[in-house]
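Kindly generate the corresponding structure for this input.
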Amino acid sequence: MESPFKGDILKGKVGLLTGGGSGIGYEIAAEMGKHGASIAIMGRRNHVLHSAVSALQSHGIHAIGIEGDVRNKEDCARVIETTIKQFGKLDILVNAAAGNFLVPSEDLSPNGFRTVIDIDAVGTFTMCHEALEHLKNGGMIINISATLHYTATWYQIHVSAAKAAVDSITRSLALEWGTDYGIRVNGIAPGPIYDTTGTSKLVPEKVLLKRKQESALYRMGKKWDIAMAALYLASDAGNYVNGTTLVVDGGIWLSSPRHISKEAVKQVSKTVEKKSRDAPVGIPKSNL
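This next block holds a predicted model:
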């Protein structure tokens, strides 16, 4: 799909993306690069990073890959320093590294719960903390969240808790660092994204179809949709947006199953209106 943004909106910017070797993280990296930014991606698997960097460079993007684990403070510091050494600065930090798997709560070990919290929540904070000094020149942060915790999601108590923490981190840093250093901190909460490995592994096809039917836009999201939201937040178009988590899910999280068809509702409504119009004068309509 063609981007609605000018091709140079991030010209001269440097972006660092955790989890940038695949999925949503890679798509954001690619679109930021296509719109002028130099890109560093961080991940735990060297072969994934190598493949991703090659793909980015094939689009003419200045890109490097740096192996590291967001759960390790030393790795976070090293990746940020390598990015600065390569590109001279850091303007945009995108925290997209995440862990997820389906498990009933009674079968989830405390260690499994802790692992996801460490990747999503602690890892996000650690990267922000280590990048702070380099972002004081007017930089910005985008934290990738989710909508799982807005109500409740079956078999994902660990991820729901982690993403709730990420949203809280976003608001707190936006308040403190926006005030003290002019750093904008925002989030993006994707709904189910059809063309990601995570969704295909975690959500059965029939459930995806049901989600599509429940969406106000009657379609599943694409990685491109999330990347466009990130471009908006990273560009001057979003320069007065701070402390918000932008929900990009087509309205799915607002939806509940339609138990009665629109035609049936209209028919019932017409009947009620007719009774109201035909009611004898002096009889309160509330008694009908």
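
which residue sits closest to Ile144, ignoring its sequence neighbours?
Ala96 (4.5 Å; CB to CB, 6 or more residues apart in numbering). For every residue, glycine as well, the C-beta is placed using N, CA and C.

The one you found contacts Gly21, correct?
No: the pair Ala96 / Gly21 is not scored as a contact, 9.7 Å apart, by CB atoms under 8 Å.

to the chain's geometric centre, what's the distance from the helix or strand hosting Ile66?
Assigned by DSSP states H and E, Ile66 belongs to strand 63-67. Computed by CA atoms, centre = their mean, to the nearest Å, the chain-centroid distance of strand 63-67 equals 21 Å.

do the same with stretch 231-239
15 Å.

Provide the secondary structure category for Gln86.
Assigned with DSSP: H, G, I helix; E, B strand; the rest coil, Gln86 falls in the helix class.

Would you enumerate the residues in contact with it?
For Gln86, the contacting residues are 40, 64, by CB atoms under 8 Å, 6 or more residues apart in numbering.

where does it land on pLDDT?
pLDDT recorded at Gln86 is 98.

cool, and the one 10 residues further on?
Looking at Ala96, its pLDDT stands at 98.

Now do the strands in this structure.
Taking DSSP state E to define them, one finds strands in the chain at 14-18, 38-43, 63-67, 92-95, 140-144, 184-190, 245-248.

Could you say which one of the ones you listed comes nearest to Gln156?
Using CB to CB as the measure, strand 184-190 is the one of those that comes nearest Gln156, at 14.0 Å.

That closest one vs strand 140-144, what angle?
Relative orientation of strand 184-190 versus strand 140-144 (axes from the mean of the first three to the mean of the last three CA atoms, to 10 degrees): 20 degrees.

ok, for Trp177, nearest residue in space, not its chain neighbours?
Spatial nearest neighbour of Trp177, chain neighbours left out: Ile183 (4.2 Å); criterion: CB to CB, 6+ apart.

Domain map for this protein?
What automatic domain parsing lists as the domains of the chain is 14-257, 258-288.

re the thing from before, would TSV of the strands of the chain with mean neighbour count and distance to Glu130 be doable?
Converted to TSV, the strands of the chain look like this (neighbours: other CB atoms under 10 Å; distance: least, CB to CB, whole Å):
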stretch	mean neighbour count	distance to Glu130
strand 14-18	27	10
strand 38-43	28	11
strand 63-67	21	13
strand 92-95	28	9
strand 140-144	26	12
strand 184-190	25	15
strand 245-248	20	22
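
Distance to Leu231 for the ones you listed - can I get that in CSV?
Shown next, in CSV, are the strands of the chain (distance: least, CB to CB, whole Å):
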stretch, distance to Leu231
strand 14-18, 11
strand 38-43, 13
strand 63-67, 17
strand 92-95, 10
strand 140-144, 10
strand 184-190, 11
strand 245-248, 12
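
just to revisit the earlier point, what's the most buried one of the domains of the chain?
domain 14-257 (a mean of 19; mean count of other CB atoms under 10 Å).

count of residues packed around Gly7?
10 (other CB atoms under 10 Å).

isn't it right next to Met32, touching?
No: contact criterion CB under 8 Å: Gly7 and Met32 do not qualify, at 11.7 Å.

circling back to that earlier point, so who does the residue nearest to Ile144 touch?
Ala96 is in contact with 17-20, 23-25, 28, 144, counting by CB under 8 Å, 6+ apart.

If we use 10 Å, what do you get?
17-29, 41-43, 70, 124, 142-144, 188, 226, 230 (CB atoms under 10 Å, 6 or more residues apart in numbering).

Which one of the strands of the chain lies nearest to Ser172?
Here strand 184-190 is closest among these (CB to CB), at 8.5 Å.

Quick one: list the elements packing against the closest one.
helix 23-34, strand 92-95, helix 123-135, strand 140-144, helix 157-181, helix 223-234, strand 245-248 (3 or more CB pairs under 10 Å, 6 or more residues apart in numbering; DSSP states H and E).
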